[in-house]
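Engineer: sharing a model prediction with you, sequence too.
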Amino acid sequence: MRTSGESTKAKCTEILVLPAANLLAALVVSGVVVRIVGENPFTALRLMLGGAFGSAEGMGYTLYYATNFIFTGLAVAVAYQSGLFNIGAEGQAYVGGLGAGLVCLAAGTAPFWVVLPAAICAAAVFGAAWAFIPAWLQARRGCHIVITTIMFNFIASSLMTWLLVNVLIKPGQQSPETREFGAGAWQPTASELLSRIGIHVAASPLNFSFLIALAAAAGVWVLVWRTRWGYAIRVIGENPAAGFYAGISPSKVAFLVMLLSGALAGGLSLNELMGAQHRISLDFPAGAGFVGIAVALMGRNHPVGVCVSAVLFGALVQGGSELSFDMPHINRDMVVVIQGLVILFCGALDNLFEKPLRILRGRH
């Protein structure tokens, strides 16, 4: 039987050491790839870190991208806690954006403090609604959640394309996007908020949605780890049979958790639409729903881990963009390869070093 000290060490290894080992392995392999194409991997790493964290503007962009990944990472993580693998966050974020965007379009000259709560509710309701059918099929018919959610990603993409081309498009233009939102539907940027207290930083897309994302992470932590329903979620995720015999309905938990997951994914639209684009545009999630899977896995499906992991992936996006400008042999496709290696080691191969680390821990 494990002592409390051994359990603490094991938990530390799972939450901190294992993701760090996976990240280091991804960076080493990425360095080999950079060396093969004729560039210095240490210079490339320095440029990436400098582009992501070396200036207020770069940090702003990093946290802006991280905001999207926090929402989608939380969506994946909360479903995973109940034993469900929701890979439909991309579609749920897309349709959630439709809800938030419709509120913003209808708001007219309404003030921000009126538009924001309505947009948050609409994004959550539309995102949850898009998860409703997969949730119902899983709970009532036993259909595999992976299959249904990935199918609904494609349906969401087709639906939004049709709406933006034929229904919501601004009259007199070719681009598939709506008209611009009113000023009351624009999220204040970090530079604007800081300037009000006398702190002046370079402009970036980082906006108030980052704080909303952190609040969502705190809410998920309270819900999953500090409430009876959260306990039921974790019990079903660990052992559905034991949960059933304890009086917990696995189908009810699965249904409600998927609705919550879809609502969290819908929060991405607050950052993208209200914070940056100020209109509904085609494919605004830009793959953030799929990145959220890796973010959740690397963060060990814990809200704190998700936030840290989201910042890492935000740094990869921002730092990779800077890298492609400064190194002639590393184009945008090579940056995607580096990002893919991080996702591979931190996602698909997340348990690669578990056994070696367990052996090392046993020796000490």
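Structural biologist: Yep, it's here.

Engineer: which ones are touching the residue nearest to Trp136 when sequence neighbours are not counted?
Structural biologist: In space, Trp136 comes closest to Phe255 once its chain neighbours are excluded; the distance is 6.7 Å by Cβ to Cβ, 6 or more residues apart in numbering. Quick note: C-beta positions are derived from backbone N, CA and C, even for glycine. Phe255 sits next to 135-136, 138-139 when contact means Cβ atoms under 8 Å, 6 or more residues apart in numbering.

Engineer: and if we set it to 7 Å?
Structural biologist: Contact analysis of Phe255 by Cβ atoms under 7 Å, 6 or more residues apart in numbering lists 135-136, 139.

Engineer: again, but for Gln81
Structural biologist: When contacts are counted by Cβ under 7 Å, 6+ apart, Gln81 is found next to 224, 233-234, 237, 301.

Engineer: can you add neighbour count and give those back as a markdown table?
Structural biologist: Conversion of these to a markdown table gives the following (neighbours: other Cβ atoms under 10 Å):
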| residue | neighbour count |
| --- | --- |
| Val224 | 23 |
| Ile233 | 27 |
| Arg234 | 16 |
| Gly237 | 21 |
| Asn301 | 20 |
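
Engineer: quick one: which of those residues is nearest Ser251?
Structural biologist: Ile233 (13.2 Å; Cβ to Cβ).

Engineer: the residue lying closest to the closest one once chain neighbours are set aside: neighbouring residues, count only.
Structural biologist: The shortest distance from Ile233 to any non-neighbouring residue, by Cβ to Cβ, 6+ apart, is to Ser82 (4.7 Å). A count of nearby residues for Ser82, using other Cβ atoms under 10 Å, gives 26.

Engineer: so Ser82 makes contact with Leu256?
Structural biologist: No. With contact defined as Cβ atoms under 7 Å, Ser82 does not reach Leu256; the gap is 8.9 Å.

Engineer: next SSE after the helix or strand bottoming out on mean pLDDT in the chain?
Structural biologist: None of the helices or strands of the chain scores lower by mean pLDDT, DSSP states H and E than helix 4-12, at a mean of 52. Next in sequence after helix 4-12, counting helices and strands by DSSP states H and E, comes helix 18-36.

Engineer: buried residues in that next one, which are they?
Structural biologist: Residues of helix 18-36 classed as buried by neighbour count (16 or more other Cβ atoms under 10 Å): 18-19, 21-23, 25-27, 30-31, 33-34.

Engineer: now do stretch 312-328
Structural biologist: Neighbour-count burial for stretch 312-328 flags 312-324, 327 (criterion: 16+ other Cβ under 10 Å).

Engineer: strands of this structure, start to end?
Structural biologist: Taking DSSP state E, the chain contains no strands at all.

Engineer: so where's it uncertain?
Structural biologist: 1-16, 347-351, 357-358, 360-364 (pLDDT under 70).

Engineer: related to what we said a few turns ago, which of the contacts of Phe255 has the most neighbours?
Structural biologist: In terms of neighbour count, Ala135 stands highest of the contacts of Phe255 at 27 neighbours, by other Cβ under 10 Å.

Engineer: my read: it touches Leu260, true?
Structural biologist: No. Counting by Cβ under 7 Å, Leu260 is not a contact partner of Ala135; they are 9.7 Å apart.

Engineer: measure Arg196 to Gly60 for me?
Structural biologist: As judged by Cβ to Cβ, to the nearest Å, Arg196 and Gly60 stand 16 Å apart.

Engineer: widest-spaced pair of the buried residues of helix 18-36?
Structural biologist: Greatest spacing in the buried residues of helix 18-36, by Cβ to Cβ: Leu18 and Val34 (24.7 Å).

Engineer: quick check: nearest residue in space to Phe353, chain neighbours excluded?
Structural biologist: In space, and not counting its chain neighbours, Phe353 is closest to Ala21: 4.4 Å by Cβ to Cβ, 6+ apart.

Engineer: list the contacts for the residue nearest to Val165 when sequence neighbours are not counted?
Structural biologist: Of all residues not flanking Val165 in the chain, Pro176 sits nearest, at 5.0 Å (Cβ to Cβ, 6+ apart). Residues counted as contacts of Pro176 (Cβ under 7 Å, 6+ apart) are 164-165, 169, 282.

Engineer: need phi/psi at Pro176.
Structural biologist: phi -80, psi 80 (degrees, to the nearest 10).

Engineer: got it, and the one 10 residues further on?
Structural biologist: Geometry field for Trp186 lists phi and psi as phi -100, psi 130, criterion degrees, to the nearest 10.

Engineer: do the one 10 residues further on as well
Structural biologist: Arg196 adopts backbone torsions of phi -70, psi -20, taken as degrees, to the nearest 10.

Engineer: can you check Ser175 too?
Structural biologist: Main-chain torsions, Ser175, degrees, to the nearest 10: phi -70, psi 130.

Engineer: for it, grab the count of nearby residues.
Structural biologist: Applying other Cβ under 10 Å, we find 11 residues neighbouring Ser175.

Engineer: can you check the one 3 residues further on too?
Structural biologist: The local packing count at Thr178 equals 23, with neighbours defined by other Cβ under 10 Å.

Engineer: check contacts around it.
Structural biologist: For Thr178, the contacting residues are 101, 105, 168-170, 279-280, by Cβ under 7 Å, 6+ apart.

Engineer: can you turn the buried subset of those residues into a selection I can paste into ChimeraX?
Structural biologist: Buried subset of the contacts of Thr178, written as a ChimeraX selection, criterion 16+ other Cβ under 10 Å:
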select :101,105,168,169,279,280
